[in-house]
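# Based on what follows, work out the 3D shape:
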Amino acid sequence: MGVLGIPPASLFFRRNLLYWVGGDCMIYITGDMHGDLPRFKSKEMRKLRKNDYLIVCGDFGFVWDGSDKERKLLKWIGKRRYHVLFVEGTHDNLDLLYEYPQTEWQGGMVREISGKLRLLCRGSVFQLEGLCLFTFGGGSSEDADIRREARTWWSRELPTREEVAAAWENLRLHDCQVDYIITHQGSGRARQCLSIIEQGTSILDTFLDEVRATCKHKRWFFGGAHLDKFLPPSEVALFRKVIPIIQEKISL
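Numbering: from 1, shown residues only. Okay, the predicted model is just below:
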């Protein structure tokens, strides 16, 4: 086995960075999109090839009002040459998202939005291109007091005790060891490093801190902070950057 426990034949260097190729496909990851369509037409997105994967760390933002215009847009996204995957954030219409059919995909649970567009459900462990990914969307809205429930804010942004219990069960099935953790909200340690003001401790805060303390992982990617920053040794805040999920050295 080579660097990061990956077969050497699956690795290559570009501009002094180590990248991984799983067959003909690569996995990329980015931060909050907030329904910003031009992001899909950016130079960074154009590098994705057929059947590659793009993972968005929450606040995808394209599932919002259920309008005919929105459904056409989701259909367009689902027809991209690459897969588009995302976890829930705090600016997604969770009631609407949870109306989409749920099914098993690549070892975990997803909601099928349209074509190659899928929501990665909380607490799932996925096997993608030989990698093990744990996903847990949601977060705590700092501005919940000025947003309207079921219109611009949803109480489902925080997990239930049942969802947390199911997540632990899935992690234990994998001996609490995964390659990558993907969330919208960062761990308490990450938020402290970014000087994010805490609004009290939620069930999600407690869960994420326990995951950080007990689950072995190579990298933890999260959105929500609206910046691109590597927090050594393993946590990565993402916003606009689109990067391969495997890099020996994170350069943002």
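# contacting residues for Cys132?
Applying Cβ atoms under 8 Å, 6 or more residues apart in numbering to Cys132 gives the contacts 125-126, 174, 177-180. Every residue, glycine included, has its C-beta placed from N, CA and C.
# Take these and keep only those in strands.
Judged by DSSP state E, the contacts of Cys132 include 125-126, 180 as members of strands.
# For my notes, please list the residues you listed in JSON lines and give distance to Met109 for each entry.
Below are the ones in strands among the contacts of Cys132 laid out as JSON lines (distance: Cβ to Cβ, whole Å):
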{"residue": "Val125", "distance to Met109": "10"}
{"residue": "Phe126", "distance to Met109": "9"}
{"residue": "Tyr180", "distance to Met109": "17"}
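# JSON lines for the residues you listed, including pLDDT, distance to Val84 and neighbour count?
Shown next, in JSON lines, are the ones in strands among the contacts of Cys132 (pLDDT from 0 to 100; distance: Cβ to Cβ, whole Å; neighbours: other Cβ atoms under 10 Å):
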{"residue": "Val125", "pLDDT": "98", "distance to Val84": "20", "neighbour count": "18"}
{"residue": "Phe126", "pLDDT": "98", "distance to Val84": "14", "neighbour count": "22"}
{"residue": "Tyr180", "pLDDT": "98", "distance to Val84": "17", "neighbour count": "23"}
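# Which one of those is nearest to Met26?
Tyr180 (13.6 Å; Cβ to Cβ).
# Distance of Gly123 relative to Phe239?
Gly123 is 24 Å from Phe239, where distance means Cβ to Cβ, to the nearest Å.
# of these two, who's got more company?
A count of neighbours by other Cβ atoms under 10 Å puts Gly123 above the other of Gly123 and Phe239, at 23 against 18.
# List the residues that contact the more buried one.
Applying Cβ under 8 Å, 6+ apart, the residues contacting Gly123 are 135-136, 159, 163-164, 166-167, 170.
# from those residues, which has minimum pLDDT?
Minimum pLDDT for these is recorded at Pro159 (93).
# wait, it sits on Arg122?
Yes: using Cβ atoms under 8 Å, Pro159 is in contact with Arg122, at 5.9 Å.
# Where does the prediction get shaky in the stretch 151-252 of the chain?
Counting by pLDDT under 70, the ranges of the stretch 151-252 of the chain that qualify are 151-154, 197-200.
# can you give me the strands in it?
Assigned by DSSP state E, counting those that start in this stretch, the strands in the stretch 151-252 of the chain fall at 180-183, 219-222, 229-231, 235-237, 243-244.
# So what are the sheet partners of the second one and their directions?
Going back to what we said before, that points to strand 219-222. The strands beside strand 219-222 in its sheet (DSSP bridges) come out as strand 180-183 (parallel), strand 235-237 (parallel).
# Could you export that strand as CSV, CA atoms only?
Coordinates of each C-alpha in strand 219-222 appear next as CSV, following Å, rounded to 0.1, in the frame of the first residue of the first chain:
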residue,chain,number,x,y,z
ARG,A,219,-9.8,14.3,6.6
TRP,A,220,-12.9,16.0,7.8
PHE,A,221,-14.5,18.4,5.3
PHE,A,222,-17.2,20.9,6.3
